[in-house]
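# One predicted model, sequence on top.
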Amino acid sequence: MNNKFHKDTETIHTGYESSSHHGSLAVPLYQTSTFAFETAEQGERRFAGEEEGGIYSRLGNPTVRVLEERMTALEKGEGTLAFGSGMAAVSAILTHLTKTGDHIVCSRGIYGCTFGLLTVMEQKYNITHTLTSMGTEEEIEAAITPETVCIYIESPINPTMELADLKAVSAVAKRHSLKIVVDNTFASPYLQNPIDFGADFVLHSATKYINGHGDVIAGLLVGRNKEDIDQIRGSVQKDYGGIMSPFDAWLLIRGLKTLSVRMQRHSENAEKFTEYLKTQDMVDAVFYPFDESNPQVSIAKNQMTVGGGLVSFTIKGGQQAAQTFMNELKLIKIAVSLGDAETLIQHPTTMTHSGVPETDRLKMGIDDGLLRLSAGLEHADDLIADLEQAFQNVAEQHKTLS
Ligand code: MET
């Protein structure tokens, strides 16, 4: 299928022809570790890259390949690699792009385990990094050193929802011949395509919106150029070995089919959360890309189609108030992860970003009262009623104590 379709169609059809698989409508699950060669010479040709076909599932698997092709189309790249987790995708691309002595410019906020990986790279391999705001070209320029080789960003950032101006990032990267890597997990390929803005690599924790059902840990890395992806496939991915299992790919193919309708509902619910939270006395600040009072709303509207399913907010009273509030919720689940059918809430200071030292965490904009809500697919009225009763109960407790 070479035609270009809308994303809603590509999530369902791209990369698969049922006529080549006994007419099976669903993509078959090739749950096999290895592939039998017809002759010794055929095995030799496949290892030599002279003949297409299966060798061993760490090197490639037909079920995984369908998912990779679908993602390539959705992110408008030329190739995709599937990994066993989002962090395996992050570590693969950073390993590919850097060597000892190099420097990485990063967005001011990044996921806690990505921060952990950067710390390891610095301590073990002297690959250093600078965290900076990605709001203007001047800010990005100021962080670049002669050793800088790439710009690594999240947009929106986990969990502050701050945005990188992808046009500004691209302009600076061009001037200095730097590669751009964008973690697009929060937006999903349905809402934002960083390659359109000049990114060289786009990665996802596929655990989140790509899957959408909270039952898989997986990662995906899409490349603007096929040559880059082929090179990583044949080296870092093959030899480090952090691949995705065929069954997980099969579940992701199934989940991806509903990405378009899920993203619309997630976004509608998050918009309703934003409006509701802004009316609450106990809430200090609300962070949502498409909120009209967000100073970055024009950047958001330039690079995303809608605001997405995540909203963060700061509750008055710091960690204690945040934890009390979470404990009062009944329908909304306390869990790290996002993009699931269930609405989830988590406290970055003590959970996703607990590994980040306090001073770095505060510089990222994560204070002790910050909570991250991942809007699920439930009815918004039920979710807001749950938030409402939790705010009321926390207010009652305060009254009793004072
Ligand atoms: C192990 S904690 C984090 C899981 C996930 N990356 C999140 O941001 O929720």
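Perfect, thanks for sending it.
# just for the protein, where's the confidence low?
Along the chain, the model assigns pLDDT under 70 to residues 1-3.
# What residues of stretch 289-300 count as buried?
289, 290, 291, 294, 296, 297, 299, 300 (16 or more other CB atoms under 10 Å). For glycine as for every other residue, the C-beta is placed from the backbone atoms N, C-alpha and C.
# Need the residues that contact that stretch.
135, 156, 161-163, 165, 271, 274, 278, 287-288, 301, 304, 306-308 (CB atoms under 8 Å, 6 or more residues apart in numbering).
# Please list which of those are also close to the ligand.
Subset of the contacts of stretch 289-300 in contact with the ligand: empty, counting by CB under 6 Å from any ligand atom.
# So which of these are in strands?
In strands, judged by DSSP state E, the following of those are found: residue 287.
# Neighbours of the closest residue to the ligand within the stretch 1-150 of the chain, how many?
Closest residue of the stretch 1-150 of the chain to the ligand, CB to the nearest ligand atom: residue 111 (5.4 Å). Using other CB atoms under 10 Å, residue 111 is surrounded by 23 other residues.
# Please name the residues that touch the residue lying closest to it once chain neighbours are set aside.
Nearest non-adjacent residue to residue 111, counting by CB to CB, 6 or more residues apart in numbering: residue 158, 4.7 Å away. Shown in contact with residue 158 (CB under 8 Å, 6+ apart): 109, 110, 111, 183, 185, 186, 352, 372.
# Derive a PyMOL selection command for the buried subset of these.
Entered in PyMOL, the line below selects the buried ones among the contacts of residue 158, by 16+ other CB under 10 Å:
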select buried, resi 109+110+111+183+185+186+352+372
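# which of the contacts of residue 158 lies closest to residue 89?
Proximity of the contacts of residue 158 to residue 89 (CB to CB) peaks at residue 183, which lies at 8.8 Å.
# tell me the SS of the residue of the chain found nearest the ligand?
Closest approach between the chain and the ligand, counting by CB to the nearest ligand atom: residue 336, at 3.9 Å. At residue 336 the chain is in coil, as set by DSSP: H, G, I helix; E, B strand; the rest coil.
# cool, residue 312 as well?
strand.
# Give me the neighbour count for it.
For residue 312, the number of neighbouring residues by other CB under 10 Å comes to 26.
# wait, isn't it in contact with residue 369?
No: taking contacts as CB atoms under 8 Å, residue 312 lies outside contact range of residue 369: 10.6 Å.
# Count the neighbours of the nearest residue to residue 82 once chain neighbours are set aside for me.
The spatially closest residue to residue 82, leaving aside those adjacent along the chain, is residue 244, at 3.9 Å (CB to CB, 6+ apart). When neighbours are counted by other CB under 10 Å, residue 244 registers 27.
# give the contact list for residue 244.
Shown in contact with residue 244 (CB under 8 Å, 6+ apart): 64, 67, 82, 83, 84, 206, 218, 219, 252.
# related to what we said a few turns ago, for the contacts of residue 158, which two are the farthest from each other?
Of all pairs drawn from these, the greatest distance, 15.4 Å, lies between 183 and 372 (CB to CB).
# which bits of this structure sit near the ligand?
Listed as neighbours of the ligand in the chain under the rule CB under 6 Å from any ligand atom: 111, 158, 205, 336, 337, 338, 352.
# can you give me the helices in the stretch 201-350 of the chain?
226-232, 238-240, 246-256, 259-277, 297-303, 318-328 (DSSP state H, counting those that start in this stretch).
# From the contact counts, what lies against the last one?
Translated: helix 318-328. Here helix 318-328 touches strand 310-315, strand 370-374, helix 380-401, going by 3 or more CB pairs under 8 Å, 6 or more residues apart in numbering; DSSP states H and E.
# can you redo the ones you listed as TSV with distance to residue 21?
Converted to TSV, the helices and strands packed on helix 318-328 look like this (distance: least, CB to CB, whole Å):
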stretch	distance to residue 21
strand 310-315	37
strand 370-374	35
helix 380-401	40
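# Go through stretch 331-339 and flag the buried ones.
For stretch 331-339, burial by neighbour count (16+ other CB under 10 Å) applies to 332, 333, 337, 338, 339.
# Farthest pair within those residues?
Largest pairwise distance in the buried residues of stretch 331-339, by CB to CB, is 14.7 Å, between 332 and 339.
# Run through the bridge partners of the residue lying closest to residue 194 once chain neighbours are set aside.
Take residue 194 and drop its neighbours on the chain: the residue closest to it by CB to CB, 6+ apart is residue 182, 3.9 Å away. Beta-bridge partners recorded for residue 182 (DSSP bridges): residue 153, residue 202.
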